[in-house]
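**Student:** next input, structure requested:
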Amino acid sequence: MPGPVTWFRDPLPRERLPELRRLLLDLPVDPERGPGWRLAVQALEGGGCALTMLVSHTIADMRAVSLAIADAVAGRPLDHGFPAPSWRWSPVMLARDSVESLRALPDVCCALAALVRRSRKERAGLPASSPRVRSRLDRFKPAVDAPLVPVVMDAGACQQRASDLGVASSTLIMAFAARLAFRIGRVDASGRVKLVLPVSDRRTGDRRGNALRSITLMVDPDACRHDPHALQRDFKAALASLNQHGDDLSPLFPLIPYVPLWLVRCLEQEALGAGLPVGCSLVGELPLDANRPCGEALLLQATPLERYTASDLARLGGFLFIACYRVNEQLLCNVSGYVPNHVTSYAELMPFVRDALADVGLCGTIGWRLPIDKADGATPAERSSDA
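**Tutor:** Numbering: from 1, shown residues only. Next up is the predicted model:
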């Protein structure tokens, strides 16, 4: 169920729009007890507003959220047959839930075994003192406002650059992610980057909230700079293996309903794997209606909004996540990253993003620059789909 709409009525200058993320971090989103998603509206100086939608990733992935928004904009009502929340405590629903839980027990046992195997494999080369478990008290600590650097590129120019190199545009984005990880020092002892890529398993008419699998690539950032063909070959081979053998992340999903909140970060680390993983989500083209929540938006930002505490980030060694998607003729790439005592602010992250783009021959508008449409007086709106 959605939470109440939050209104930030004091107009915010457009150049201070990144400060909205700090306010959003304090809004509760709870997929278990609700609200699982909510809207927030921030008034902007000079007219218009920033419309923000926060969605727990437990409920939906970015593709599902964009499809839901497109359905709402187009006026397509959907009935998935779910009962009202109050019905969960009725005798009939309790009996049904009990039966479903019993049926799920074999999958849960298999998931536990898979988790143990994966944990042993990933930690084989790690020192025994490596901290892993999150304290119960961490959830009461303030969240760190990790820096986010948005990049807006011309989709046609990106495709042309990829064609000149003889690779797909998605390969070019992966090469950018690898170069960025290299520049901020997120590499293993051999200098390679551990690239973790969510892969959509969504088909036509698929209404699952999360339809994702995952592949992992060990990437040579130096090779990516001059010749990304090896990266493209490895990616295709990993996709073929995924289709044939599956991944080692999906078997863990049956554990999700049974994980205490204070252990969620630990399970997240197991999902990403040991070491210094770099997330790279290639979402693809979003439905046009997803950019029209209340009229045509001047800027659409779909970004992760992780609630990390300082101790979370110290234990994980920071994080780096790149989300890339296309809206009309724009290719938008949002970089969120944090390296303790090294990259902790927008001003520190932005030069690394600029240099990594130059490494692979890409260019675009970097930073928070909300355009002002003076020609037709359109009302600007920004929507963030935050997980």
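**Student:** any idea how far the closest residue to residue 224 other than its chain neighbours is from residue 76?
**Tutor:** Nearest residue to residue 224 in three dimensions, chain neighbours excluded: residue 175, at 3.9 Å (C-beta to C-beta, 6 or more residues apart in numbering). For every residue, glycine as well, the C-beta is placed using N, CA and C. Distance of residue 175 to residue 76, computed by C-beta to C-beta, to the nearest Å: 38 Å.
**Student:** just say helix, strand or coil for the residue nearest to residue 224.
**Tutor:** helix (DSSP: H, G, I helix; E, B strand; the rest coil).
**Student:** that one: how many residues sit nearby?
**Tutor:** 29 (other C-beta atoms under 10 Å).
**Student:** ditto for the one 5 residues further on
**Tutor:** For residue 180, the count of nearby residues is 27 (other C-beta under 10 Å).
**Student:** same check, this time on the one 5 residues further on
**Tutor:** By other C-beta under 10 Å, the residues close to residue 185 number 13.
**Student:** keeping just the C-alphas, turn stretch 313-333 into CSV.
**Tutor:** Provided in CSV are the C-alpha atoms of stretch 313-333 (Å, rounded to 0.1, in the frame of the first residue of the first chain):
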residue,chain,number,x,y,z
LEU,A,313,29.8,1.7,4.3
ALA,A,314,32.9,0.9,6.3
ARG,A,315,32.1,-2.8,6.4
LEU,A,316,31.3,-3.0,2.7
GLY,A,317,34.3,-0.9,1.7
GLY,A,318,31.9,1.6,0.1
PHE,A,319,29.9,0.9,-3.0
LEU,A,320,29.6,1.9,-6.7
PHE,A,321,26.4,1.5,-8.7
ILE,A,322,25.7,2.7,-12.3
ALA,A,323,22.1,2.7,-13.6
CYS,A,324,21.6,3.4,-17.3
TYR,A,325,18.4,3.8,-19.3
ARG,A,326,17.0,5.5,-22.3
VAL,A,327,14.1,8.0,-22.5
ASN,A,328,13.3,9.2,-26.0
GLU,A,329,16.6,10.3,-27.6
GLN,A,330,18.4,10.7,-24.2
LEU,A,331,20.6,8.2,-22.6
LEU,A,332,20.7,8.8,-18.9
CYS,A,333,23.4,7.3,-16.7
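**Student:** next one: that stretch to chain centre, how far?
**Tutor:** On the basis of C-alpha atoms, centre = their mean, to the nearest Å, stretch 313-333 sits 7 Å off its chain's mean C-alpha point.
**Student:** hey, where'd the strands end up in this structure?
**Tutor:** For the chain, strands defined by DSSP state E occupy the ranges 6-12, 37-44, 49-55, 148-154, 193-200, 212-219, 277-285, 299-301, 319-327, 330-338, 365-366, 382-386.
**Student:** would CSV of those strands with distance to residue 252 and mean neighbour count be doable?
**Tutor:** Listed next are the strands of the chain as CSV, based on distance: least, C-beta to C-beta, whole Å; neighbours: other C-beta atoms under 10 Å:
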stretch, distance to residue 252, mean neighbour count
strand 6-12, 33, 13
strand 37-44, 24, 19
strand 49-55, 21, 22
strand 148-154, 28, 21
strand 193-200, 14, 21
strand 212-219, 10, 18
strand 277-285, 15, 21
strand 299-301, 30, 22
strand 319-327, 19, 23
strand 330-338, 23, 23
strand 365-366, 36, 16
strand 382-386, 23, 24
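**Student:** mind giving me the domain ranges of the chain?
**Tutor:** Split into domains by automatic domain parsing, the chain comes to 6-74, 103-386.
**Student:** in TSV: these, plus distance to residue 97.
**Tutor:** Below are the domains of the chain laid out as TSV (distance: least, C-beta to C-beta, whole Å):
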stretch	distance to residue 97
domain 6-74	14
domain 103-386	10
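**Student:** list the residues that contact the residue nearest to residue 201 when sequence neighbours are not counted.
**Tutor:** Of all residues not flanking residue 201 in the chain, residue 211 sits nearest, at 4.6 Å (C-beta to C-beta, 6+ apart). Residue 211 makes contact with 61, 63-64, 200-202 under the criterion C-beta atoms under 8 Å, 6 or more residues apart in numbering.
**Student:** okay, now the unreliable bits of the stretch 51-200 of the chain?
**Tutor:** Residue ranges of the stretch 51-200 of the chain with pLDDT under 70: 82-88, 118, 121-140.
**Student:** off-centre distance for the longest helix seen in the chain?
**Tutor:** Assignment by DSSP state H gives helix 91-123 as the longest helix of the chain. Taking C-alpha atoms, centre = their mean, the mean C-alpha location of helix 91-123 is offset from the chain mean by 25 Å.
**Student:** what do you get for stretch 354-373?
**Tutor:** Per C-alpha atoms, centre = their mean, the centroid offset for stretch 354-373 relative to its chain is 20 Å.
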